[in-house]
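A.B. asks: no letters, just coordinates:
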């Protein structure tokens, strides 16, 4: 499986996919529109994309994202029943990740209906299944690693309310790993 591609941006195909040259091998990668536009505008010498590989009976598709957060959100969307990679990418094409997370956290399924392939029931299913999993970083841009700590605790099976309660007692200083260890101590005791 391919996890990351680093190479040269060689343009896009006629159907809007990226072409990334990695040591003479051209990879066709589907990516969110924001990523495509930024790559076209910048024409950077080296491009790195985090990759999700979708294997089907008749094709192997690569989906590329400029940040690990985009990739993680893409995978969260695909965890919803009935949402595949093309639909998840369509959702990511409507807005940035932070805005989409806010939309879902607020329970706004109507905003998701504008995506091709997402009807009312699918949009409601996305909101119901992901609403409690949305960790939103404040407008300052960083919470001192709190979002990562919260995501780690929720991945371990703790609810969002348990994770929030554990995070409130954490010091502002320290690495994410140290904060997770302290939060676990608080949750266990």
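C.D. replies: Sure thing, it's come through. Source: prediction; values computed, not measured.

A.B. asks: domains of this structure?
C.D. replies: In the domain annotation for the chain, the residue ranges read 4-65, 68-133, 146-188 (automatic domain parsing).

A.B. asks: what mean pLDDT does the second one have?
C.D. replies: Summarised as a single mean, pLDDT over domain 68-133 is 87.

A.B. asks: end-to-end on it?
C.D. replies: 17 Å (C-alpha to C-alpha, to the nearest Å).

A.B. asks: equivalent analysis for the last one, please.
C.D. replies: Taking C-alpha to C-alpha, domain 146-188 runs 19 Å from one end to the other.

A.B. asks: so which of the domains of the chain is the most packed in?
C.D. replies: Across these, the average number of neighbours (mean count of other C-beta atoms under 10 Å) peaks for domain 68-133, which reaches a mean of 17. Every C-beta, even on glycine, is put in place using the N, C-alpha and C of the backbone.

A.B. asks: quick check, distance from it to the centre of its chain.
C.D. replies: Centre-to-centre, domain 68-133 and its host chain are 10 Å apart (C-alpha atoms, centre = their mean, to the nearest Å).

A.B. asks: contacts only, for residue 76.
C.D. replies: 130, 133 (C-beta atoms under 8 Å, 6 or more residues apart in numbering).

A.B. asks: how about 6 Å then?
C.D. replies: Contacts for residue 76 (C-beta atoms under 6 Å, 6 or more residues apart in numbering) come out as residue 130.

A.B. asks: give the next helix or strand downstream of the strand or helix carrying it.
C.D. replies: Taking DSSP states H and E as the definition, residue 76 sits inside helix 68-78. Sequence-wise, the next helix or strand downstream of helix 68-78 (DSSP H and E) is helix 85-92.

A.B. asks: residues contacting the one residue sitting closest to the centre of the chain?
C.D. replies: Nearest to the geometric centre of the chain sits residue 73, at 2.3 Å (C-alpha atoms, centre = their mean). The neighbours of residue 73, taking C-beta under 6 Å, 6+ apart as the test, are residue 97.

A.B. asks: give the contact list for residue 119.
C.D. replies: Taking C-beta under 6 Å, 6+ apart, one finds nothing in contact with residue 119.

A.B. asks: again, only using 8 Å
C.D. replies: Residue 119 sits in contact with residue 113, where contact means C-beta under 8 Å, 6+ apart.

A.B. asks: residue 133 reaches residue 155, doesn't it?
C.D. replies: No - the pair residue 133 / residue 155 is not scored as a contact, 9.8 Å apart, by C-beta atoms under 8 Å.

A.B. asks: who's in contact with residue 81?
C.D. replies: 125, 129.

A.B. asks: next, it: phi, psi?
C.D. replies: Phi and psi for residue 81, reported as degrees, to the nearest 10, are phi -60, psi 130.
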